[in-house]
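*Asks:* here you go, sequence then predicted model.
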Amino acid sequence: MIPASAYLMKSPPEQLPDDIARAQLEEFIIG
């Protein structure tokens, strides 16, 4: 959930660079 919140939230619990957060979010969605 950290990649999703880091990419989609304005104030995420853990900040990640956008490109890394997006890549991790896509991996999370794929499974």
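*Replies:* Okay, I see it. Numbering: from 1, shown residues only.
*Asks:* ok, residue 6 touching residue 12?
*Replies:* Yes. At 4.4 Å, residue 6 and residue 12 qualify as touching, with contact defined as CB atoms under 8 Å. Using the backbone N, CA and C atoms, a C-beta is placed for each residue, glycine as well.
*Asks:* look at those two and report which has more neighbours.
*Replies:* Neighbour comparison, residue 6 and residue 12: the larger count goes to residue 6, with 20 against 16 (by other CB atoms under 10 Å).
*Asks:* where does that one sit, in terms of helix or strand?
*Replies:* Secondary structure here is read from DSSP states H and E; on that basis residue 6 sits in helix 2-8.
*Asks:* who's in contact with that helix?
*Replies:* For helix 2-8, the external contacting residues (CB atoms under 8 Å, 6 or more residues apart in numbering) are 12-16, 18, 20-25, 27-28.
*Asks:* what do you get if the cut-off is 10 Å, keeping everything else the same?
*Replies:* By CB atoms under 10 Å, 6 or more residues apart in numbering, the surrounding residues in contact with helix 2-8 are 11-29.
*Asks:* now the helices for the chain?
*Replies:* For the chain, the helices defined by DSSP state H cover 2-8, 18-30.
*Asks:* avg pLDDT for the first one?
*Replies:* Right, the one you point to is helix 2-8. Averaged across helix 2-8, pLDDT comes to 70.
*Asks:* just the CA coordinates for it, please, in CSV.
*Replies:* What follows is helix 2-8, C-alpha atoms only, in CSV (Å, rounded to 0.1, in the frame of the first residue of the first chain):
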residue,chain,number,x,y,z
ILE,A,2,2.9,2.4,0.5
PRO,A,3,3.5,2.7,-3.3
ALA,A,4,-0.1,3.4,-3.9
SER,A,5,-0.4,6.0,-1.2
ALA,A,6,3.0,7.6,-2.2
TYR,A,7,1.8,8.0,-5.8
LEU,A,8,-1.8,9.0,-5.2
